[in-house]
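Trainee: Give me a 3D structure for the following:
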Amino acid sequence: MRATSLTNEDQESAPETLGDLLYADNTKTSVSEQEWVGLVRSIGEGDQLALRALYDRTHRLVFTLIMRITNNRETAEELTLDVFHDVWRRAKSYDAAGGSVVGWIMNQSRSRAIDRLRFEQRKKRVNPHPDEATSAAAVSGSDEAVDLTQQRRLLQGALTVLTPDERSAIETAFFSELTHAEVAARLNQPLGTVKTRIRSGLEKLRQALGRGDGVP
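Mentor: Below is the predicted model of the structure:
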């Protein structure tokens, strides 16, 4: 469905009350429920002209109801388009036994508006002071950067406990992301020797890191 924005004329000419809308323009022939259902059935079959006809007849009513609930013109315009997008998607599932077409559309409008209000209220509860939240995030990011720097220094200090062969084997295996066999080939060493050096080197690192060696 192609979204159709509400024009300024649509917004400015909207009647002041729902009663005005329900009883406005009495000179026009009233639409029977059978005709309403026929429009929805056509929409369910992909008829965009039927959607346009339904939109033309009901969008002001939808807009006014949402405006009454949200008290925000921009939100009302956005949600009005969302409602008719929902109509387009749900037309096939419409059941006339569950109520009139206009009632069906207005229930969707009311639900949309109330959901938006609840969403806005949740946002205010979760983040009542956006500036403070931003500041807290910046402090948190600084703390994480300090932690990473300390961890890097700790690891660099711990590496000094290794023999040159152990350090070479571990750096080749983990920093280059190679298998033990690939490390052995690169270092031109027996596979068993490489495994022993990596195992002994990792044990020394665990002990050094546990003592906190290398921390300034």
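Trainee: Outline the domain layout of this structure.
Mentor: Domain assignment of the chain by automatic domain parsing yields the ranges 8-126, 144-211.
Trainee: Which one of these has the poorest average confidence?
Mentor: Lowest mean pLDDT of those: domain 144-211, a mean of 73.
Trainee: Point me to the helix or strand that includes R89.
Mentor: Using DSSP states H and E, R89 maps to helix 73-90.
Trainee: and that helix, what does it pack onto?
Mentor: Contact here means 3 or more Cβ pairs under 8 Å, 6 or more residues apart in numbering; DSSP states H and E; on that basis helix 73-90 packs against helix 33-44, helix 48-70, helix 101-126. Using the backbone N, CA and C atoms, a C-beta is placed for each residue, glycine as well.
Trainee: What's the local residue count around T75?
Mentor: Neighbour count of T75, defined by other Cβ atoms under 10 Å: 18.
Trainee: Without its sequence neighbours, what residue ends up closest to it?
Mentor: R116 (6.2 Å; Cβ to Cβ, 6 or more residues apart in numbering).
Trainee: and if you look at S42?
Mentor: Here the residue nearest S42, using Cβ to Cβ, 6+ apart, is A50, at 3.6 Å.
Trainee: hang on, isn't that neighbour packed against V37?
Mentor: No. The pair A50 / V37 is not scored as a contact, 11.2 Å apart, by Cβ atoms under 8 Å.
Trainee: and the helix holding R89 with helix 48-70, angle?
Mentor: 140 degrees (axes from the mean of the first three to the mean of the last three Cα atoms, to 10 degrees).
Trainee: Would you mark the buried spots in helix 73-90?
Mentor: Using 16 or more other Cβ atoms under 10 Å as the test for burial, helix 73-90 gives 75-84, 86-88.
Trainee: any idea how far F63 is from Q34?
Mentor: 26 Å (Cβ to Cβ, to the nearest Å).
Trainee: Quick check on those two: which one has the bigger neighbour count.
Mentor: Taking neighbours as other Cβ under 10 Å, F63 and Q34 compare with F63 leading, 23 against 8.
Trainee: What residues sit buried inside stretch 160-179?
Mentor: V161, L162, D165, E166, R167, S168, A169, I170, T172, A173.
Trainee: ok, of these, which one's closest to L202?
Mentor: When the buried residues of stretch 160-179 are ranked by distance to L202 (Cβ to Cβ), I170 comes first, at 6.9 Å.
Trainee: Figure out the helix or strand that the closest one lives in.
Mentor: Counting by DSSP H and E, I170 is part of helix 164-170.
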